[in-house]
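K.L.:
Sequence and predicted structure, then a few things I'm wondering about:
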2 protein chains.
Amino acid sequence: MAQQTEAVRRAPLSRDRVLRAAVALADEIGIEALSMRKLAQQLGVVPMALYKHVANKDQLLDGMVDVVVGEIDPPAPESDWKSAVRQRILSARRALLGHSWAAQVVQSRARPTPVVLAYMDSVIGMFRTGGFSVDLTHHVMHALGSRMLGFTQELFDASPSPDPEAQAVVVPADAGKFPYVTELAMAVAHDEESVVGQGCDDQFEFEFALDLLLDGFERLRQQGWTSATPSGEKTA
Amino acid sequence: MAQQTEAVRRAPLSRDRVLRAAVALADEIGIEALSMRKLAQQLGVVPMALYKHVANKDQLLDGMVDVVVGEIDPPAPESDWKSAVRQRILSARRALLGHSWAAQVVQSRARPTPVVLAYMDSVIGMFRTGGFSVDLTHHVMHALGSRMLGFTQELFDASPSPDPEAQAVVVPADAGKFPYVTELAMAVAHDEESVVGQGCDDQFEFEFALDLLLDGFERLRQQGWTSATPSGEKTA
DNA sequence: ATGCATGGTGTACGGCGTACACCTGCGGCC
DNA sequence: GGCCGCAGGTGTACGCCGTACACCATGCAT
């Protein structure tokens, strides 16, 4: 009986189960509160048990990233490179945004896991088959940076805060010190009346910058850009 | 005597001294190894003494960012907005690159400090006086994101590692699995023979993407872009 | 029956951030 | 001169963290 209860409570535990539980727990309590101890507790197990399935916390985080990257849709067959890349990146964005901690964790990883590498490989492939040279593809990938996975780390966190007071970037008293920031913030706040909810429309900002880059890429591709002809110069 | 030695060892300690010591220590031992305890030790003081000068570790990190941002050159008077912005951002890059931990810490801050805000204000001002509408400036700032402070978080850390083996993104055995990554990596490795040192030329990549964006901004400005006319459409 | 591998357990260590009570020395005041 | 207040350095302690290491339970191959 007690045996049975135990058996029920304890599905056998595996790397996969550990990772999925970690993702769920981080979703719930936030990444900074996620600890090996709490994760173990959640799984009804002693902390050290986890170490039979992941080498250490770093590897746990790597695995969590893999889970999220695994949620990205496979590439849809598209005619032109631009819509293929665009669609894939926006899918990545959807996956990443589903886990508020994901962007931060991705950035903290020292090296890409095979899963991330596979994703990158497929994106590189889209450019190559789209007519980009190896050289241009290389620089284009760097220019994308984290945007390739659907996020840009903003300089400050615009995520909604429970306290609307704390949301204000600049308090009224400082308005005079930062005239341009204030002007901009007020203009944005005004627009909000139509958009509902405070802050900017992150999705719009993301697509704005993404399209700006993709358009730039296309322009360079068409003019046969190479490292030897910096973007400022005109090719003959 | 012993008194004197103590007096010498102990300059009076202040918020500023604490922050500068923290920056120096982080430069030396890395940000992840920086702790309140080690910082106190470095200053010849007991850990809790620091709390008379900074509220907590988060505020210490905020202060460290301020020190780095304070190293950015003031804006030089320039004729056109593009070279003004470009020059300022590249100066920010110089400052940030001087402290290997800086980019990571900047990204981890929840809200901008007044010092960071002042920097942003001056960048916004360059766009506004350069003929950008409030609307376009807003989106342009988002598009810049962390690049405004001179760095882009790459998806994986390309910083030099002591072990050249560990440097390889993809080990030979996996070459078949990631054909495009491999193709690209090999092409880059080839170029390296001329550039000396492994990895890509980060400065080139940064300027490549920066110029791509700035050129895109200029194009939008010239055509009188507004939120109502997405980048894909042609304005009349 | 036996031995071995797999995986969960218990204990323990060293490090962290920091709350809180305390002490000490100095400047201003009567 | 005697006193007080207060800024700033101290000591102790708590609760959390990641994880090393020795142990033990189980089930399977022999």
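P.N.:
Yep, that arrived. Numbering: from 1, shown residues only, chains lettered A, B, ... in the order given.
K.L.:
can you list the weak-confidence ranges in chain A?
P.N.:
A:1-11, A:157-168, A:192-199, A:229-236 (pLDDT under 70).
K.L.:
how about the residues of it near DNA strand D?
P.N.:
Neighbours of DNA strand D within chain A, by C-beta under 7 Å from any atom of the strand: A:Ala33, A:Leu34, A:Ser35, A:Met36, A:Arg37, A:Lys38, A:Pro47, A:Met48, A:Tyr51, A:Asn56, A:Lys57, A:Asp58. (Glycine included, C-beta is placed from N, CA and C.)
K.L.:
quick one: contacts for the fourth one?
P.N.:
A:Met36 sits next to A:Pro47, A:Leu50, A:Lys57, A:Leu60 when contact means C-beta atoms under 8 Å, 6 or more residues apart in numbering or on different chains.
K.L.:
Same list, those residues, but only the ones touching DNA strand C.
P.N.:
A:Pro47.
K.L.:
how far away is A:Gln87 from A:Gly150?
P.N.:
Remark: distance between A:Gln87 and A:Gly150 (C-beta to C-beta, to the nearest Å) = 11 Å.
K.L.:
Which one's more surrounded, these two?
P.N.:
Taking neighbours as other C-beta atoms under 10 Å in any protein chain shown, A:Gln87 and A:Gly150 compare with A:Gly150 leading, 22 against 15.
K.L.:
Which helix or strand contains the nearest residue to that one once chain neighbours are set aside?
P.N.:
Beyond its immediate neighbours in the sequence, the residue positioned closest to A:Gly150 (C-beta to C-beta, 6 or more residues apart in numbering or on different chains) is A:Arg93, lying 2.9 Å away. Element membership for A:Arg93, per DSSP states H and E: helix A:81-97.
K.L.:
That helix: how far from the chain's middle?
P.N.:
11 Å (C-alpha atoms, centre = their mean, to the nearest Å).
K.L.:
packing partners for it?
P.N.:
Here helix A:81-97 touches helix A:57-69, helix A:102-108, helix A:114-129, helix A:202-222, going by 3 or more C-beta pairs under 8 Å, 6 or more residues apart in numbering or on different chains; DSSP states H and E.
K.L.:
Kindly report the domain assignment for chain A.
P.N.:
Per the record, chain A has its domains at A:11-68, A:69-151+A:201-222, A:164-195, by automatic domain parsing.
K.L.:
hey, which of those domains is tucked in deepest?
P.N.:
By mean neighbour count, with neighbours taken as mean count of other C-beta atoms under 10 Å in any protein chain shown, domain A:69-151+A:201-222 ranks first of the domains of chain A at a mean of 18.
K.L.:
and the end-to-end length of that domain?
P.N.:
Using C-alpha to C-alpha, to the nearest Å, one end of domain A:69-151+A:201-222 lies 32 Å from the other.
K.L.:
Likewise for stretch A:76-85?
P.N.:
10 Å.
K.L.:
Residues contacting that stretch, please?
P.N.:
Contacts for stretch A:76-85 (C-beta under 8 Å, 6+ apart): A:75, A:87-88, A:123, A:126-127, A:129-132, A:214, A:217-218.
K.L.:
Put together JSON lines for these, with distance to B:Gln104 on each row.
P.N.:
JSON lines is the format used below for the contacts of stretch A:76-85 (distance: C-beta to C-beta, whole Å):
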{"residue": "A:Pro75", "distance to B:Gln104": "31"}
{"residue": "A:Gln87", "distance to B:Gln104": "31"}
{"residue": "A:Arg88", "distance to B:Gln104": "27"}
{"residue": "A:Val123", "distance to B:Gln104": "24"}
{"residue": "A:Met126", "distance to B:Gln104": "30"}
{"residue": "A:Phe127", "distance to B:Gln104": "28"}
{"residue": "A:Thr129", "distance to B:Gln104": "35"}
{"residue": "A:Gly130", "distance to B:Gln104": "33"}
{"residue": "A:Gly131", "distance to B:Gln104": "36"}
{"residue": "A:Phe132", "distance to B:Gln104": "31"}
{"residue": "A:Leu214", "distance to B:Gln104": "28"}
{"residue": "A:Phe217", "distance to B:Gln104": "28"}
{"residue": "A:Glu218", "distance to B:Gln104": "33"}
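K.L.:
Which strands or helices does the helix or strand containing A:Asp135 pack on?
P.N.:
In the assignment (DSSP H and E), A:Asp135 maps to helix A:134-144. Here helix A:134-144 touches helix A:114-129, helix A:202-222, helix B:179-195, helix B:202-222, going by 3+ C-beta pairs under 8 Å, 6+ apart.
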